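*Asks:* Sequence first, then the predicted structure:
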2 protein chains.
Amino acid sequence: MTKPPASGLSLGIDIGASKTHGILLDADGSRLAETVRPTLTGPEGVVNTAVAVVIECLGQATAPDAAVSIGIGIPGQVDPATGLVRTAVNLGISELDLGQRLTAALGVPVTIDNDVKAAALGAANHLGVADGDLAYLNFGTGVAAAAVVHGRLVRGHGNLAGEIGHIPVDPQGERCQCGQRGCLEVLAGGGRIAARLAALGTGLTLGTLVQAAAAGEPGAEAEADRLCTGIALAVQLVVLTQGSELVVLGGGVIHTAPGLVPRVQEVLIARAEESEFLASLRLAERITVIPADYPVAAIGAALVGLRRTRAKQLAPIG
Amino acid sequence: MTKPPASGLSLGIDIGASKTHGILLDADGSRLAETVRPTLTGPEGVVNTAVAVVIECLGQATAPDAAVSIGIGIPGQVDPATGLVRTAVNLGISELDLGQRLTAALGVPVTIDNDVKAAALGAANHLGVADGDLAYLNFGTGVAAAAVVHGRLVRGHGNLAGEIGHIPVDPQGERCQCGQRGCLEVLAGGGRIAARLAALGTGLTLGTLVQAAAAGEPGAEAEADRLCTGIALAVQLVVLTQGSELVVLGGGVIHTAPGLVPRVQEVLIARAEESEFLASLRLAERITVIPADYPVAAIGAALVGLRRTRAKQLAPIG
């Protein structure tokens, strides 16, 4: 299990488009409480949901008087320094000072971060490589990544690092909602896949896609190939750019489609047969899947809060 | 000019496929000596060339008795910890323990690193962002990158980080020598461009390409578009993956083709017109070109040597 080497409790909240997941950890990283609520959207909805989850989690705990650090993971462009969230489209947020709103509402400092960046910290913690290098790839409605290098999150200017979903990999590809063609998100984003499957009108879903492709069902094979190629290219991209030894896959697309990751590994191996260089990278072997029942983003959010609280404790006063 | 904040002299050597460039800097980063020799290839040739350049540079200096740190930048997979160079194809090297060979030949510790990684340090130093974040993109015979994040080079597992030349961006593209199709290097690597220009048989060269394209010369426009698209995609790729605020361009392709970088910026602006998301990134504005007469890799190599020497001085003895 998780082991944040801390004193006090840490509470992490993962605000997703449909549900919000809260988890309370003790100093050893054991789960003291856990709660899930549907996410109310819009700025007020998100604030109210987060507050309710905090209260519910703390209400379940047996040591409610202990010091608690609170961290939040949320989609969009997030600035942990100011607590500002921008363009969390699926949550109906164009701009929200979530950190300040929650700090005011709860009376304790609340640290926020992008949900995929938080998940990368959670993944590093889960895999016991908190001081090392890894890439976390999230295939949800969209596609995004986060990297831990030398034990630190790569944030980039304006916290932009990791927006790999909008790297184009096919000039003849379908138009992405971002306006470009052939983005990784067009190939491997859950939103686009669901729309294409619905358009087939055969009742095919992500849950049956890989099996249907193996059985040769019309439409399924092309869709499965497109998805697996997108994931394979994303893996290759982060390895060649950042040299990640470990590539951790997570997100709804990964967990909803049984057989998907082995098929991605087959694609990587087939691609390596055409290229000695690719073969030397052993990309298929670098892949690890975060367990579907491991709340990686909520635990990462708890770590975000914990790190920030400790950094502030160490900072000079005034 | 360069300012390595050090005592003593630093000597940096950039071993290229055709020539080897040496530069001797004093503690303030002023150039005390500089020399260029043709590179002899093969393991013995490379060692002998480097030794000759060291002797020539030190022979030019007025303070030959000062302590000198020596750093070398060389293409290929380079492990600074062991001094081993692998697969420097254009130098005729499959494996060479260059660090140990030079340390033995010269009687002082010699630190080696990949030439593009060394150049990224040189670029960060030149631009006065040695403690910040940047991406350095090198368009030479091949295409490679290196990133400085939080003031440190991103090396990756096995020093692999930065091999972006072999990220495929077009499934219908030409076959790359690595075996894949449509790699960035196929679009924007000097080797492939030279081969395609020669095949045109019109006397078109990289030096006249952009002007000929503007004049509508047959073949020139397609080639210039392909090249500029490749560079534009490489810029977008490092910005979205690592969030680099500054993207520094260097290498023979950049310096040999007048008008190339403004045309790349036009391509980036035209692509942004199709995508509000791309427009928000202001990619064209992130580009800086390293001056053609600034020996970025040799100066970076000097910094590599200096950093390593200082790290060793600080390390506990025994």
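*Replies:* Right, received. Where do you want to start?

*Asks:* which residues does the closest residue to A:T205 other than its chain neighbours contact?
*Replies:* Nearest residue to A:T205, sequence neighbours excluded (CB to CB, 6 or more residues apart in numbering or on different chains): A:L197, at 6.2 Å. Where you see a C-beta, it was placed from the backbone N, CA and C, and this is true even at glycine. Going by CB atoms under 8 Å, 6 or more residues apart in numbering or on different chains, A:L197 touches A:L204, A:T205, A:L206, A:L209, A:E223.

*Asks:* Is A:L197 within a helix or a strand, and which one?
*Replies:* Using DSSP states H and E, A:L197 sits in helix A:190-200.

*Asks:* could you point out which element follows that helix?
*Replies:* helix A:206-214.

*Asks:* In PDB, could you pull the C-alpha coordinates for the helix or strand harbouring A:L24?
*Replies:* For A:L24, the enclosing helix or strand under DSSP H and E is strand A:19-25. The C-alpha trace of strand A:19-25 is given here as PDB (Å, rounded to 0.1, in the frame of the first residue of the first chain):
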ATOM      1  CA  LYS A  19     -17.800  11.200 -10.000                       C
ATOM      2  CA  THR A  20     -15.600  12.600  -7.200                       C
ATOM      3  CA  HIS A  21     -13.500  10.200  -5.200                       C
ATOM      4  CA  GLY A  22     -12.200  11.100  -1.800                       C
ATOM      5  CA  ILE A  23      -9.700   9.100   0.300                       C
ATOM      6  CA  LEU A  24      -8.200   9.700   3.700                       C
ATOM      7  CA  LEU A  25      -4.800   8.200   4.500                       C
END
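
*Asks:* Low-confidence stretches in the stretch 1-150 of chain A?
*Replies:* Within the stretch 1-150 of chain A, the stretches with pLDDT under 70 are A:1-7, A:63-65.

*Asks:* for it, what spans make up the helices?
*Replies:* With DSSP state H, counting those that start in this stretch as the criterion, the stretch 1-150 of chain A has helices at A:42-60, A:98-106, A:115-126.

*Asks:* can you list contacts of the shortest one?
*Replies:* Under the criterion CB under 8 Å, 6+ apart, residues A:46-47, A:50-51, A:54, A:70, A:72, A:74, A:80, A:82-85, A:109-112 lie in contact with helix A:98-106.

*Asks:* Please indicate which of the residues you listed are buried?
*Replies:* Buried members of the contacts of helix A:98-106, scored by 16 or more other CB atoms under 10 Å in any protein chain shown, are A:46-47, A:50-51, A:54, A:70, A:72, A:74, A:80, A:83-85, A:109-112.

*Asks:* For chain B, what's the nearest residue on the stretch 201-318 of chain A?
*Replies:* Relative to chain B, the nearest point of the stretch 201-318 of chain A is A:G243 (1.1 Å; CB to the nearest CB).

*Asks:* Which residues are in contact with the residue lying closest to that residue once chain neighbours are set aside?
*Replies:* Nearest residue to A:G243, sequence neighbours excluded (CB to CB, 6+ apart): B:G156, at 1.1 Å. B:G156 makes contact with A:D133, A:V239, A:Q242, A:G243, A:S244, A:E245, B:G162, according to CB under 8 Å, 6+ apart.

*Asks:* could these go into TSV alongside neighbour count, secondary structure and distance to B:T35?
*Replies:* Shown next, in TSV, are the contacts of B:G156 (neighbours: other CB atoms under 10 Å in any protein chain shown; DSSP: H, G, I helix; E, B strand; the rest coil; distance: CB to CB, whole Å):
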residue	neighbour count	secondary structure	distance to B:T35
A:D133	23	coil	38
A:V239	24	helix	38
A:Q242	29	helix	36
A:G243	23	coil	33
A:S244	27	coil	39
A:E245	17	coil	39
B:G162	28	coil	28
